[in-house]
Structure formats: C-alpha cells, structure tokens
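# Here you go, sequence then predicted model.
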Amino acid sequence: MSTASQATVDRRRSTSEIERSTPAWRRRLTSDRAARVAALLSFLLVWVLLSLLFRRVPGPVEVVQRLGEEFARGEVFGNFGSTLYRFGIGVALATVVGIAIGVLMGLSSLSRAFFESPVLVALSIPAIIWAFLTVMWFGFGDLSPIVTTFLTSVPFVVVNVAQGVRGVSRDLRDMSSTYHVPVSRQVRDLVLPAVAGYIAAGVRFAIIIGWNGVLLAEWFGGGGGVGYRARWWYDANRFGGFAAWVVLFVGFIVLLDRFVLDRAIRRAFRWRDS
Amino acid sequence: MAVLTVKNLAKTFNLGTPRASRVLDDITFEVRGQTFVSIVGPSGCGKSTLLNIISGVEEHTSGEISLTSDEGRPARMGYVFQDPRLLPWRSVLRNMMYVQDDQGEATVARARRYLDMVGLAKNADFYPGQLSGGMQQRVGIARAFAVEPDLLLMDEPFSHLDAITARGLRAQLQDIWAQSKKTVVFVTHDVVEAVELSDRIIVLQPGGRIYEDIGIDLPRPRRQTDPTVATLQAEVLARLEAMKELGRTTEPVA
Amino acid sequence: MTEQLVGAATAAPPADRDGREAGARRTAQLRRWRRRGLLVLGWLAMLLLWEFGSWWYGSRLLPRPHEVFLKAVEIVESGNFVTDFSASVLKTFAGFAVAAAVGAPVGYLMGRYDYWRAFFHDGVTIAGTIPAIVYAVMSLIVFGLSNLGPILAVALVSAPYIALNVAEGIRGVDRSLVTMSEAFGRTPRQIRREVLIPTIVPFVFAAIRMCFAVAWKVEALTEVFGGRNGVGFQIRTEYQLYDIGAVLAWMFLFIAFMLVIERLVLFRAEARLLAWRPEERGTAL
C-alpha cells in the first residue's frame, strides 16, 4: 500500500529540469503546431485510403481538378451569389423574428406558455419536410429556400434569446428598480450586455442550421444555387464534382464560423469568461 | 511498531528556475508508534507540503524519509484531508471499501465497525450528497482508520467545519484514537486543537524549519473545560507569539 | 419599543392571515389556469394557422389537420409502420453506438493530453459545423443503397458532440479525488474506473441527449436520399406520389415516436445511472 517504506532518496529531478533535458527536436515534434500538421496529414491519408477502398469515393487530386474546372467554367460565383442572397434574407428574418419572440418569452411567463408548444413543434420538424413543402408551395424560385432557411433556423434563435433574457438576474433587476435606474439605461446597461452573448450564440446556431436548410431546399428545388449545382453532379454520377462543391460549402461555413461568429460570440461573452 | 524517520528533509519548488522557493528546510524528526504528533505553524510554513511528502503524493528535493512497519510488510498509510474527498457516485460504505486492498467480508465488517464508531452506522448506504459536511468528514475519518494504517496523516481535518461540529469531532477522534492507538501525524494551524489532541507538538516556523518540539504530558481524555489543558494551551500560544516576533526579525535574512 | 413591535406582530388577527393566505392561493390558482389556457391557445393558434394554410394553398398542397390525422390513423391501423419505425430506430441507435465507440476514446485523449487535443480539436469543431445534407449524401456515396448509409450518417453527426463532451468532462475531473486515490495507494486502473469514468458519464449523457434530436433527423434524411426501408424511405415514396398528407402523417408519427423514446429510454437510463446526483434522485426512486 505504502510507497515510502525504506525509501532513501537523495535528490529527485524536478519537472522543470526534466523539461530542460528533453532535446529540442522532440519538443518541436510534440508541439501544438506539429499536432495540427499531423492531423491534416492523417486526414489526407484517410481520404486517399478511402478513395482506394471505395471505387465511388473521389480522391483529393480528382476533387481539386474538378474544383478548378468549376471555377474555370464560372459556375462558382454566380451560384454562390444566389445562394448567399437567399440564405442572407432567411437568416436575417429569423434573427429579427427570433429575437422579438425570444425577448417576449423571456420577460413574461404567460407569453412563454403561449409560445412554448409552437417552438417545441418547430424544433422537431426536420428541414427536409420544410424543403418538400416549400418547393410545392412556392415552386422553383428564391422563395422556397428563403422560407426553408427561415423556418428551420428561427426556433433556435428563439430558444437561445429566451434563455438569455430569463438569465438576466432577478436580483440585478430588483437592484436597478430600488435605485430608480431609468428603463432605457436598464435595457442598455443590464439587459443588452447580458443577452448579447445569447443572441450571438443563437444566430450562430441559426446560421449553421439554416445553411443546411438552404442547401436542402436548393437540392430539391430547381432554381440554381450551390445545392442545385451539387445535385446536378450527383445525379450525373460524377461524385468528384459533388465533392468539389462539398469542399466549397463546408469551407464557407467553417470560415464564417471561425472568423466571424466565433469572434463575435467571444466578444459578446467577454464579461462572463474573464 | 511503525517508525517514521525524517532526516534533513528539504523541499524547493521550481528548482533551478528564478522562481525557486524553499518551503521546507532541514527537517529532522522521528515518530515512534502509538503517538499522536501535531505539526503546528502559521499558514504558508510548509505543513501541508510536509504531509504530502510523507504520504508520497509529492516528492522531496533532498534528505531522507522512511517508514518502517513491524512485520516487515510495506507500511500502510491513511489520510484525512481538509475536505472529505468522497466519491459522490459511491455510497458511504463503497467509498470506504474503495481504498481497501482486501475486499473480503472481514474488511467490510471492519469498515462498518469504524462507521459505527463515528456514529454513522445507519448511513452506510447513503450517497455523500445526502450527508451534511460534518457527516462527510466523519466518513473521511472512518475511511482512514478502517485501512488500519501504520501511520495516519491528517491535514487540518476540522478547519472547514463550524466550531460546534469541530468540537464534537475532536472528542470523537480522541475516543477512536484511544481505542485503536494508531500513529498519527496531525497538521493544524490551531494550537488549542493541537494541545487538546497530541502527545507532542512540532512547531514549524516560516521558511520551513523546525522551531520547537514540545511534549504534552497530560492525562486523557482531555476536555477543553479542564483548567490544566487551558493553562498549557496559553503557554504554547505564548511561545508561538515569541516565534512570530523572531520570524519577523529574521525575515530579511531568509 | 421592541415589546410593542412584537406585540403588534402577534396581535394580528389569525382570521385575517387566513384570509390573506386564501387570497394568495386564489391568485396562484388563477395564474395556473391562465398559463394552462395560454398553452391550449398556443396549440389552437398552430392549428388555425395550418387550417388557414390549407385553405390558401388548397388541401392538395397542404392537407387539413384532420385529414393528416386520419392518414396517421390509417398508417397505424395498417400496421406497416412497425417495421419501418423499428428499422429507423435501430439504425439511429447503431449509429450512436458507433459514434460512442469512436467519439469517447477521442474525447478521452483530448481531455488527457495536450498533443491529442491540438491534433483533434480543429477536425472535431469543423465536423460539428458541416451541414447534415453533406453527411447524408456522403454516406450514400460510400455505401450506396443500404442500411449502412444512415448508420454512418448518424455516427458522423454524433461523434464530434460526444468527443467534445467527453473531453470537457475529463478536464473537469476533480483533482482532489485523484490525489486522495493516490494517497491511499490506488492504481491508475482503479482511479480510471472509479473516478474518471463516473465523472464523464453525465457528460456523455448530455451529449447523447443533445444530439439525439439531430441524429434521428439525419437518419431520416439519409433514408430520404437512399434508404430501402425506414421512415425516411416512406416519406420519399409518398412525396414522389405527391401524397403530402401521408408525408406529414409519417413525419408526425415519427416525431411523436422519437419523443417517447427520448423520454422512456434516455431519461430512464440517465436517472438510473446518475442516481447519486441530488437533482436526479427524485426521479430515480
């Protein structure tokens, strides 16, 4: 059980000494950057292996070629433009409506009772159903992807904002009313900073979910856009072309998430994480 | 009989860096079986570090430390921490069995016996979350005694409890100790507590040196209301006050 | 002065206090009724909106609620749904099993070692943002028309969540319990089994609950694209026949069924495994 029985130790090495005695190449090999490079290399390796294993899976080289061809044909920017237009309107609408309903639900328990079930139902309806329905209702135009984006993403904004508003501590609100802080200043200094983070998180969710919605609606609709173009390649059984589009729309959402949304959220939640 | 020998022990954190700080310096003492030894000193004098080194959780920088048990088998240690440190997902009894090597019937019976001694026989199947802080600490004490340790280490076990609960637990600890006669090394910053419980008090001074080694020769059981205990407590306190003065004057040198 | 105050407090006639209590009870009851009324109103508003939509688009493009309800009854009565539902549920759980088998060890590595954290971090976060349609079509390309496609899609969607949550859980392990175990001479294996794994169980459950709602949708989506059975397959078949009523009926049945599964299977299992947590104990006993 014990370890110290008859132990006679003169001097053990401390952790800093051990660190100094590790050779530089080993430290470099176990650094974070090396790990990231290794991750990237193993991802490529797995991809190549998969493409060798499954005949239908296109390899990296083929995908890069197809990507180049799509750029050369001028298919990329036009389709991205129309998709971003639909996606932007859908998400903007979802943000505005979602914040309005979310604030209502957060402030009054009665409006929460009213909106609770509709939000629950909306959360559980799959995007594919909205895509099917809107394509039938609105045909192959811009309206179907816009409405699908809006309907799939709005419940996520509502839930997040409502949670944020409810979280504004009762004590702080009571404190403000005892000191007779004017309502406008209460909203500006108390409610908004506390809720901003939740709004940002909700919008991030909405963007990720809505991006899936817009792609689905374009896939089943016929009005152009990146989803439509990806389906065109898929139907033609040319999976290389499909994979090239996957790279594009995954790349888009990853860049948006990392360089815009993530920063915005961190800014909005500064007060909490410090 | 278990013998703990500590010789010229020193500990320096961040050795070899500009932030190096020496917390223990040239500590030498020996504890022979069935004694209750307290290590007393102001906060930051290295008491807890010394205990961690004895238990093997932390490593020392130089010096010797050894623990021998009578039958030649490896010595067993028990530990009571400042906080209860119970696994919240295990019942009280399973918590006590977790630290046992032997999982047999006899060990279970022993664990139950110690649980009974701390007055928690009825709570064997409770989860720690269902017990109060004082009860949890009692489980921690029972757990440490139940491993039948050659050396029992206690790190300010009552410092997080309210005064009344702590007083009750001190009395209980005296009773259990009187029945089991383990070798105990007890760390505390509370001199009054140390005098009430121990046979011997080792006083550490800031900088991690032994300032004084005081024997306490009072009959047991000791109660706080006893005037002789109170007199001795006042005397030891006065000596510590003197040490603080000394600490202040020698600080620039250290 | 103080005596007077005490006297005033006790002198308050008990009848008055009872009256005030009854008043408070009445207000509370009124509030409860208002809440219930609004809850019903919420459902009514949804139905009304739906009825309005069917009137606007015609019942071929958006069937009326009672038509969909009758369709659902028809499906249930015919008994067809059992095989499709069980197929979909089994595929979802198989996908979960694969995701847990891959995601949990990855999360463990990420939580324990800085190197593996850096190694997996980017991939896992990116995998979490990839749209579900990509997973669905990719699984289809890899496996063609088979049951393996939906399983792979569910696994791909769930694994990142599970990995992230397990990593979070491992890093949240109470260090003081580990030192306690070391002080009592426990072996690394015992510490792993008794301290680390119980710590991460709630995190794994949170992950499973979080991604269950997403997972069954992705499962259905993959079946829509290329399943040979299951709810998604039925939805696609009915859609190709332009029977929107049947599409909606299948969807609502599936939603209801999945909510029941979530309550019955997941909540039960969680309550039993986490009985030690004070907030879970009420449901477990």
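Here it is on my side, so go on.
# any weak-confidence spans in chain C?
Where chain C drops to pLDDT under 70, the residues are C:1-16, C:277-285.
# domains for it, by residue range?
C:2-57, C:66-284 (automatic domain parsing).
# how about CSV for the ones you listed, with distance to residue B:99 and mean neighbour count added?
Every residue, glycine included, has its C-beta placed from N, CA and C. Formatted as CSV, these follow (distance: least, C-beta to C-beta, whole Å; neighbours: other C-beta atoms under 10 Å in any protein chain shown):
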stretch, distance to residue B:99, mean neighbour count
domain C:2-57, 50, 11
domain C:66-284, 4, 19
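# what residues does the stretch 151-285 of chain C put near chain A?
Within reach of chain A by C-beta under 8 Å from any C-beta of the partner chain, the stretch 151-285 of chain C has these residues: C:184-185, C:213, C:217, C:220-221, C:224, C:232, C:235, C:239, C:244, C:247-248, C:251, C:255, C:258-259.
# still on that earlier bit, take the domains of chain C and write them to JSON lines, including distance to chain B.
Below are the domains of chain C laid out as JSON lines (distance: least, C-beta to the nearest C-beta, whole Å):
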{"stretch": "domain C:2-57", "distance to chain B": "28"}
{"stretch": "domain C:66-284", "distance to chain B": "4"}
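# Could you dump the ones you listed into JSON lines with distance to residue B:56 added?
Listed next are the domains of chain C as JSON lines, based on distance: least, C-beta to C-beta, whole Å:
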{"stretch": "domain C:2-57", "distance to residue B:56": "60"}
{"stretch": "domain C:66-284", "distance to residue B:56": "8"}
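# list the helices and strands the helix of greatest length in chain B packs on?
Longest helix of chain B, by residue count under DSSP state H: helix B:227-250. Contact partners of helix B:227-250 among helices and strands, from 3 or more C-beta pairs under 8 Å, 6 or more residues apart in numbering or on different chains; DSSP states H and E: helix B:191-197, strand B:200-205, strand B:209-215.
# Out of the ones you listed, flag the one nearest residue B:37.
For the helices and strands packed on helix B:227-250, the distance to residue B:37 is smallest for strand B:200-205, at 4.9 Å, taking C-beta to C-beta.
# which secondary structure elements does that closest one contact?
Packed next to strand B:200-205, using 3+ C-beta pairs under 8 Å, 6+ apart, are strand B:36-40, helix B:191-197, strand B:209-215, helix B:227-250.
# Of those, flag the one that's most buried.
strand B:36-40 (a mean of 25; mean count of other C-beta atoms under 10 Å in any protein chain shown).
# what does that strand rub up against?
Contacts of strand B:36-40 with the rest of the structure, by C-beta atoms under 8 Å, 6 or more residues apart in numbering or on different chains, involve B:31, B:47, B:50-51, B:177, B:183-191, B:193-194, B:197-204, B:240.
# Okay, now the sheet partners of it, with direction.
Taking DSSP bridges as the criterion, strand B:36-40 forms sheet pairs with strand B:183-188 (parallel), strand B:200-205 (parallel).
# Look up the closest residue to residue A:54, ignoring the ones flanking it.
residue C:142 (5.5 Å; C-beta to C-beta, 6 or more residues apart in numbering or on different chains).
# give me the element that neighbour is part of.
Following DSSP states H and E, one finds residue C:142 within helix C:132-143.
# mind exporting that helix as PDB, just the C-alpha atoms?
Provided in PDB are the C-alpha atoms of helix C:132-143 (Å, rounded to 0.1, in the frame of the first residue of the first chain):
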ATOM      1  CA  ALA C 132     -26.400  17.300 -42.300                       C
ATOM      2  CA  ILE C 133     -27.100  17.000 -46.000                       C
ATOM      3  CA  VAL C 134     -23.400  16.600 -46.700                       C
ATOM      4  CA  TYR C 135     -23.200  13.700 -44.200                       C
ATOM      5  CA  ALA C 136     -26.300  12.100 -45.700                       C
ATOM      6  CA  VAL C 137     -25.100  12.200 -49.300                       C
ATOM      7  CA  MET C 138     -21.600  11.200 -48.400                       C
ATOM      8  CA  SER C 139     -22.800   8.200 -46.600                       C
ATOM      9  CA  LEU C 140     -24.900   7.300 -49.600                       C
ATOM     10  CA  ILE C 141     -21.900   7.600 -51.900                       C
ATOM     11  CA  VAL C 142     -19.800   5.400 -49.700                       C
ATOM     12  CA  PHE C 143     -22.300   2.600 -49.100                       C
END
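# Mind giving me the packing neighbours of that helix?
Using 3+ C-beta pairs under 8 Å, 6+ apart, helix C:132-143 sits against helix A:192-220, helix A:226-235, helix A:239-256, helix C:148-171, helix C:197-226.
# Run through who's touching it.
In contact with helix C:132-143 (C-beta under 8 Å, 6+ apart) are residues A:50, A:54, A:56-57, A:127, A:212, A:215-216, A:219, A:227, A:230, A:234, A:239, A:242, A:246, A:249-250, C:148-150, C:152-153, C:156-157, C:214, C:217-218, C:221-222, C:224-226.
# Would you agree residue B:154 falls within a strand?
Yes: going by DSSP: H, G, I helix; E, B strand; the rest coil, the assignment for residue B:154 places it inside a strand.
# Do I have it right that it meets residue B:183?
No: here residue B:154 does not reach residue B:183: they are 11.5 Å apart, not a contact under C-beta atoms under 8 Å.
# Now do the residue nearest in space to the middle of chain C against residue B:47, distance only.
Compute the mean C-alpha point of chain C, and by C-alpha atoms, centre = their mean the closest residue is residue C:209, 4.1 Å away. Residue C:209 sits 46 Å away from residue B:47, taking C-beta to C-beta, to the nearest Å as the criterion.
# Quick check: residue B:76 touching residue B:149?
Yes: shown here, residue B:76 and residue B:149 form a contact pair, counting by C-beta under 8 Å, at 4.8 Å.
# More neighbours: those two, which one.
residue B:149 (23 against 20; other C-beta atoms under 10 Å in any protein chain shown).
# hang on, isn't that one packed against residue B:77?
Yes: between residue B:149 and residue B:77 there is a contact under C-beta under 8 Å: 5.2 Å.
# so where is chain A shaky, pLDDT-wise?
Judged by pLDDT under 70, the stretches of chain A that qualify are A:1-23, A:169-178, A:183, A:187, A:271-274.
# Which helix runs longest in it?
Longest helix in chain A, counting by DSSP H: helix A:75-107.
# Kindly report the same for chain C.
Chain C, longest helix under DSSP H: helix C:14-57.
# distance between stretch B:213-229 and the chain's centre?
Computed by C-alpha atoms, centre = their mean, to the nearest Å, the separation of stretch B:213-229 from the middle of its chain amounts to 18 Å.
# got a list of contacts for it?
Under C-beta under 8 Å, 6+ apart, the answer for stretch B:213-229 is B:29, B:167, B:171, B:174-175, B:178, B:192, B:195-203, B:230, B:232, B:236, B:239.
# what's the average pLDDT for that stretch?
Stretch B:213-229 shows a mean pLDDT of 81.
# can you tell me how far residue C:170 sits from residue A:264?
For residue C:170, the distance to residue A:264 - C-beta to C-beta - is 29 Å.
# which regions of the stretch 101-250 of chain B lie under the pLDDT threshold?
In the stretch 101-250 of chain B (pLDDT under 70), the answer is B:244-250.
# For the stretch 51-200 of chain A, what lies in contact range of chain C?
A:54, A:56-57, A:109-111, A:113-118, A:121, A:123-129, A:132-133, A:136-137.
# circling back: how distant is the longest helix of chain B from the center of its chain?
So, by C-alpha atoms, centre = their mean, the centroid of helix B:227-250 is 21 Å from its chain's centroid.
# That one versus strand B:36-40: what angle between them?
Relative orientation of helix B:227-250 versus strand B:36-40 (axes from the mean of the first three to the mean of the last three C-alpha atoms, to 10 degrees): 40 degrees.
# what's the angle between helix B:227-250 and strand B:209-215?
Using the same axes, to 10 degrees: helix B:227-250 against strand B:209-215 is 160 degrees.
# For stretch C:169-186, measure first residue to last.
21 Å (C-alpha to C-alpha, to the nearest Å).
# For residue A:117, the count of nearby residues, please.
Based on other C-beta under 10 Å, the number of other residues close to residue A:117 is 18.
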